[in-house]
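> When you get a sec, could you give me coordinates for this:
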Amino acid sequence: MYRLKEDHMEELEIKKSRFLCYLHKTFSEEDAKEYILKIKKEHPNARHHCYAFIIGEHNEIQRSNDDGEPGGTAGVPMLECLTNRNMQDTLAVTVRYFGGIKLGAGGLIRAYSKSVANALDHAVLTQKEIMQEYTLSFSYDLVGKLDYYFRSHQIEISDKQYGEEVCYTFLSKTDVNDDILEITNGKYQAQFQKEILLDVEVHTIEE
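Residues are numbered from 1 along each chain as shown. Take a look at the predicted model:
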């Protein structure tokens, strides 16, 4: 499942109509409704303010609204897009400024679905990942080698302490002790502390 890292907006023009899709991370129906009202106030002259949202650990709250578009041509395809993209705790509001050309039912379904898909494609998303927290104490002469190892393997060092020895606290998805033992000629190894559930940025999502 994926969540938004932060709110995001993208605009599309389809046959002279403007579709502005606002994405908002939300954890309650009350918050979602407040955000929808905020967008309506920002765009009082728009023809439609259609929305869909999925909220809850098991996506138990799902709502959609066509806001004057023909039934099933806006809110439902928007909700289906969120579902197909495995989104969680996400609200999509698509504001339409009518351009004078009617799209027909099929065209509306494609337009509203595309507005959400396009916004999701450009938004920063996160996914829950289980990480292991370790501490590693070692002598000062190994700082350069270990810093290079952590940097080249994109392992985040969350804390550095400098006393009689250096002590790093870091997060990793895998056990790196074989590598550390090799780098330190068998002198040092990391000590497992605990598992942590983190929101980690993702750059591509599977439909």
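
> Return the distance of E165 relative to I54.
Taking C-beta to C-beta, to the nearest Å as the measure, E165 falls 49 Å from I54. For glycine as for every other residue, the C-beta is placed from the backbone atoms N, C-alpha and C.

> Please say which of these two ends up with more neighbours.
I54 (24 against 13; other C-beta atoms under 10 Å).

> Name the SS class of the more buried one, please.
Three states are possible here, and by DSSP: H, G, I helix; E, B strand; the rest coil the one that applies to I54 is strand.

> So for it, what pLDDT did the model give?
In this prediction, I54 carries a pLDDT score of 98.

> Now for it: which residues touch it?
Contacts for I54 (C-beta atoms under 8 Å, 6 or more residues apart in numbering) come out as 61-62, 79, 82-83, 87-90.

> What's the ChimeraX syntax to select whichever of those residues are buried?
With 16 or more other C-beta atoms under 10 Å as the criterion, this ChimeraX line picks the buried residues out of these:
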select :79,82,87,88,89,90
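
> Include secondary structure and distance to V124 when you put the contacts of I54 into JSON lines, please.
Listed next are the contacts of I54 as JSON lines, based on DSSP: H, G, I helix; E, B strand; the rest coil; distance: C-beta to C-beta, whole Å:
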{"residue": "I61", "secondary structure": "strand", "distance to V124": "23"}
{"residue": "Q62", "secondary structure": "strand", "distance to V124": "23"}
{"residue": "L79", "secondary structure": "helix", "distance to V124": "22"}
{"residue": "L82", "secondary structure": "helix", "distance to V124": "16"}
{"residue": "T83", "secondary structure": "helix", "distance to V124": "20"}
{"residue": "M87", "secondary structure": "strand", "distance to V124": "13"}
{"residue": "Q88", "secondary structure": "coil", "distance to V124": "15"}
{"residue": "D89", "secondary structure": "coil", "distance to V124": "15"}
{"residue": "T90", "secondary structure": "strand", "distance to V124": "13"}
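
> Pick out the most distant pair among the contacts of I54.
Distances among the contacts of I54 were taken as C-beta to C-beta; the most separated pair is L79 and D89, at 13.9 Å.

> Name the residues of stretch 26-39 that come out as buried.
Neighbour-count burial for stretch 26-39 [16+ other C-beta under 10 Å]: 26, 31-32, 35-36, 39.
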